[in-house]
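# Just need the structure, nothing else, for what follows:
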Amino acid sequence: LAFTNEISPFLMLDYAAPQHFSATRERRGVGQHPHRGFETVTLAFEGEVEHGDSVGNRGVIGPGDVQWMTAARGIIHEEYHSTEFAKQGGTFEMIQLWVNLPAKDKMNAPRYQEILKADIPVVPLHAQADEAAVAAADGEKSEEACAAAPAPVVGSLRVIAGNFQGSAGAAMTHTPIDLWDIRIETPNVPVRLSFPEGHNTIIFVRKGGMVVGEGHGREAIGPQGMAILGTQGSSAVLSASEENTQIMVLSGQPLNEPIAARGPFVMNTDKEIMEANRDFRSGRMGR
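Got it, this is the predicted structure:
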């Protein structure tokens, strides 16, 4: 499903599971390489990532931080373990997500967003209200009062992009996208998440386990598993099967445009891919 409209506007998700690295003086990572036509979103959970690119952006992100790089018309960058992390060693865990750009924005100027943990809103995550229990306990109250009965907090949600219950994410996006980092501490308690109608929605389980859906449509997902909900429906009911389950939710408006992907370039036609290769080989890319 990677690089298809079935998961648009997302292209792929690469998860680097927790791994211990010994101390070294060598550079670990990926040297200079080009991109055009999309965005790379790097989420650090453990360890540090150091970024540098051809238009002068440099930065280091650590646990809880996010790097949102818009390659657009072209950028050449490198990604390494930070110098300090390499010297000390330790556990490294991260996600890199590729997000497609609409055709009208593919040749815009590149952009780099370094989003620190402190700048990402954290919202309490409540259990789904049990309407029958509320009605039984508050039979004399109005329907509005019952609906407003408080539900217990079962975890937390970090709003990296988009919106959740009035809290706006820190990232700027070219198309409507919700990107949420969720921790559910209490297992076996249903939580309902709502998404804009027509959005493609994906749930990725980093740690623990998750059950998605209700009744006969329930699906169990284990660590590093994924549920692709597609564009049907505007909400989903989830429940953690283990304590301290951690998931990522990706939900975005599909672009519904042709996808031509070759290596580090994602455009709309094969001709544009050829042009990207020519620009890179001639040194015109990344200026």
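
# what pLDDT does Gly286 get?
Gly286 is assigned a pLDDT of 89 by the prediction.

# got a list of what it touches?
For Gly286, the contact set (Cβ atoms under 8 Å, 6 or more residues apart in numbering) comprises Pro34, Asp53, Ser54, Val55, Gly74, Ile75, Ile76, Phe280. In this view, the C-beta of every residue, glycine as well, is placed from N, C-alpha and C.

# now swap in Lys106 and tell me
Arg36, Gly37, Phe38, Ala72, Arg73, Met267, Asn268, Glu272.

# And for His81?
Taking Cβ under 8 Å, 6+ apart as the test, what His81 contacts is Phe21, Arg27, Arg28, Gly29, Gly47, Glu48, Val49, Glu50, Phe92.

# Let me know the distance separating Leu1 from Phe164.
As for Leu1, its distance to Phe164 is 25 Å (criterion: Cβ to Cβ, to the nearest Å).

# More neighbours: which of those two?
Neighbour count, other Cβ atoms under 10 Å: between Leu1 and Phe164, Phe164 has more, with 19 against 11.

# Can you tell me which of the contacts of Gly286 are buried?
The neighbour count (16 or more other Cβ atoms under 10 Å) marks Pro34, Asp53, Ser54, Gly74, Ile75, Ile76, Phe280 as buried among these.

# quick one: which of those residues sit in strands?
Under the assignment DSSP state E, the buried ones among the contacts of Gly286 contribute Pro34, Asp53, Ile75, Ile76 to strands.

# Quick check: the farthest pair among those?
Pairwise distances across those (Cβ to Cβ) peak at 10.1 Å, for the pair Pro34 and Asp53.

# Overlap of the contact sets of the two?
Common contact partners of Pro34 and Asp53 (Cβ under 8 Å, 6+ apart): Ile75, Ile76, Gly286.

# Give me the buried positions along stretch 18-37.
Within stretch 18-37, the residues that count as buried by 16+ other Cβ under 10 Å are Pro34, His35, Arg36, Gly37.

# Nearest to Val122, out of those: which one, please.
Lowest distance from Val122 to the buried residues of stretch 18-37 (Cβ to Cβ) belongs to His35, with 30.4 Å.

# Mind pulling up the pLDDT for the closest one?
98.

# Spell out, range by range, the strands that occur in the stretch 101-250 of the chain.
111-115, 122-126, 153-161, 163-164, 167-168, 177-184, 191-194, 200-207, 210-212, 219-221, 226-230, 235-240, 245-252 (DSSP state E, counting those that start in this stretch).

# Out of those, which gets nearest to Leu13?
Closest to Leu13 of the strands of the stretch 101-250 of the chain is strand 200-207 (Cβ to Cβ; 6.2 Å).

# What strands line up against the closest one, and which way round?
Its sheet considered, strand 200-207 pairs with strand 226-230 (antiparallel), strand 245-252 (antiparallel) by DSSP bridges.

# Tell me the one of the ones in strands among the buried ones among the contacts of Gly286 nearest Ser235?
The nearest member of these to Ser235, counting by Cβ to Cβ, is Ile75 at 36.9 Å.
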